[in-house]
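Kindly return the folded structure for what I paste below:
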Amino acid sequence: MNTSLTRRSILAATSLVLAAGLALGACGGSSETSTKKKDQLLNAGLQAEVQGDYATAKKNFEELLKAEPTNKFAHYNLGYIAQTQDKNGTEAAKQYEAALKTDPEYAPALYNLAIIKTANGDDAGAILLYKRAATSNPTDANTQLNLGFLLFKTGDKGGADEAFRKAIALSPAIRSRIPANQQPN
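The predicted model follows:
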């Protein structure tokens, strides 16, 4: 199973936050300063995270959450950092769930939370999360692939075939990652 954590949201998060900051900044006033500071904290956290400086990244994301407790990007990235350091994923799961309270269809958080649930033996919970992630981001072949693996594992060969077919349609090279006994009919 492909259990690599998803990092696809870093650039998207930065772009969205900067665009929102520019839009709010056009209104002027103290919200411009506040938005600019939040943007700076997010960007500094993302840069530190990419460089592997998780302590600095964590500090920036936590500071951002003090200013904006519902910032899904800060929660998601704190979850990612925790997931890279915590074997059972307890803290990571809390952060991903907090991101999902703000945006219930935030695919990167759904995907990574599904990885944690799978690792902790909650296949049914992981399947539900992968299905939500697939609905939220229908072009992600890895989500379909992991969903297929879990459906096959739990005995749903028809569902697995469908998920594998979707994964292959999205990324034909992914077929080589599906074991021969699990290839779709």
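
And the contacts of stretch 112-119?
Contacts to stretch 112-119, defined as Cβ atoms under 8 Å, 6 or more residues apart in numbering, come from residues 1, 3, 5-6, 76, 79-80, 83, 88-89, 92-93, 96-97, 100, 123, 125-127, 129-130, 133, 146, 150. For the C-beta atoms, the positions are set from N, CA and C on the backbone; glycine is no exception.

how much space between Asn137 and Pro108?
8 Å (Cβ to Cβ, to the nearest Å).

Between these two, point out the one with more neighbours.
Pro108 (27 against 18; other Cβ atoms under 10 Å).

My read is that the more buried one contacts Phe73, right?
No. Using Cβ atoms under 8 Å as the test, Pro108 is too far from Phe73 to be in contact (9.5 Å).

wait, doesn't Leu110 sit right on Thr135?
No. Using Cβ under 8 Å, Leu110 is not in contact with Thr135, being 9.2 Å away.

More neighbours: which of these two?
Each of Leu110 and Thr135 has its neighbours counted (other Cβ under 10 Å); Leu110 has more, 26 against 12.

who touches the more buried one in this structure?
96, 100, 129-130, 132-133, 136.

want to try JSON lines for those residues, with pLDDT and distance to Leu46 as columns?
Output for the contacts of Leu110, formatted as JSON lines (pLDDT from 0 to 100; distance: Cβ to Cβ, whole Å):
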{"residue": "Tyr96", "pLDDT": "97", "distance to Leu46": "17"}
{"residue": "Leu100", "pLDDT": "98", "distance to Leu46": "20"}
{"residue": "Leu129", "pLDDT": "98", "distance to Leu46": "24"}
{"residue": "Tyr130", "pLDDT": "98", "distance to Leu46": "25"}
{"residue": "Arg132", "pLDDT": "98", "distance to Leu46": "25"}
{"residue": "Ala133", "pLDDT": "98", "distance to Leu46": "21"}
{"residue": "Ser136", "pLDDT": "97", "distance to Leu46": "21"}
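
what ranges do the helices span in this protein?
Secondary structure of the chain (DSSP state H): helices at 9-25, 30-50, 54-67, 72-85, 90-102, 107-119, 123-136, 141-153, 157-170.

Of the ones you listed, which is nearest Asn181?
helix 141-153 (8.8 Å; Cβ to Cβ).

I'd like the distance from the residue nearest the centre of the chain to Ile127, if you could.
Among the residues of the chain, the one closest to the centroid is Pro108, at 1.8 Å (Cα atoms, centre = their mean). Here Pro108 is placed at a distance of 18 Å from Ile127 (Cβ to Cβ).

With Tyr54 instead?
Relative to Ile127, Tyr54 is positioned 30 Å away (Cβ to Cβ).
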